[in-house]
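> Predicted model follows, preceded by the sequence.
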Amino acid sequence: MITREQVFEALKDCYDPEIPVNLVDLGLIYDVQVNEQGKVAVKMTLTTQGCCMGDHMAQDAQSKILALPGVTEAAVELVWDPPWDPSRMSAEAKKQLGFE
């Protein structure tokens with residue numbers, strides 16, 4: 001059975017095209033749900049609502065999830081609540097982007 005951890009690992013291969021940091025370390029992944037039938041539901045956000053690459057990033061995330069063994073369905077929903085802010089980034093991402 002697929003696990004949340006495996007989904008998070010797959011999402012570390014998805015990047016914001018404008019920022020050289022993966023979606024997980026940027027803090028854009030808000031929720032991952034996996035059920036016993038292999039259905040995965042992800043809630044993610046973007047650094048800004050006006051980002052024109054949102055659909056591209058969501059499709060990339062969905063493709064990476066669907067490539068995992070045991071996944072039967074994958075849905076990636078863009079959400080705006082709570083709004084993203086830099087405090088959601090991992091320490092490594094903050095360092096990489098000069099926040100520390």
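Right, received. Where do you want to start? Predicted model, so just to flag it, every value in this text is computed and none were measured.

> For residue 62, give its distance to residue 90.
22 Å (C-beta to C-beta, to the nearest Å). C-beta: built from backbone N, CA, C; applies to glycine.

> which residue packs closest to residue 70, ignoring adjacent ones?
Distances taken as C-beta to C-beta, 6 or more residues apart in numbering put residue 2 closest to residue 70, at 4.1 Å, once the chain neighbours are dropped.

> Please disregard the earlier target; I meant residue 72.
According to C-beta to C-beta, 6+ apart, the nearest residue to residue 72 is residue 38 (3.8 Å).

> right, and the one you found touches residue 7 too?
No: if you go by C-beta atoms under 8 Å, residue 38 and residue 7 don't touch, sitting 11.0 Å apart.

> The residue nearest to residue 70 and residue 73 touch, don't they?
No: between residue 2 and residue 73 there is no contact under C-beta under 8 Å: 10.9 Å.

> Looking only at neighbour counts, state which of these two leads.
residue 2 (21 against 13; other C-beta atoms under 10 Å).

> what helix or strand is that one on?
Per DSSP states H and E: residue 2 is located in neither a helix nor a strand.

> repeat for residue 62
In the assignment (DSSP H and E), residue 62 maps to helix 54-66.

> Which neighbouring elements make contact with the next helix or strand after that helix?
Sequence order places strand 73-78 as the next helix or strand after helix 54-66, per DSSP H and E. Counting contacts by 3 or more C-beta pairs under 8 Å, 6 or more residues apart in numbering; DSSP states H and E, strand 73-78 is packed against strand 39-44, helix 54-66.

> of these, which approaches residue 31 most closely?
strand 39-44 (4.2 Å; C-beta to C-beta).

> Show me what the closest one pairs with in its sheet, parallel or antiparallel.
Counting by DSSP bridges, the strands paired with strand 39-44 are strand 29-34 (antiparallel), strand 73-78 (parallel).
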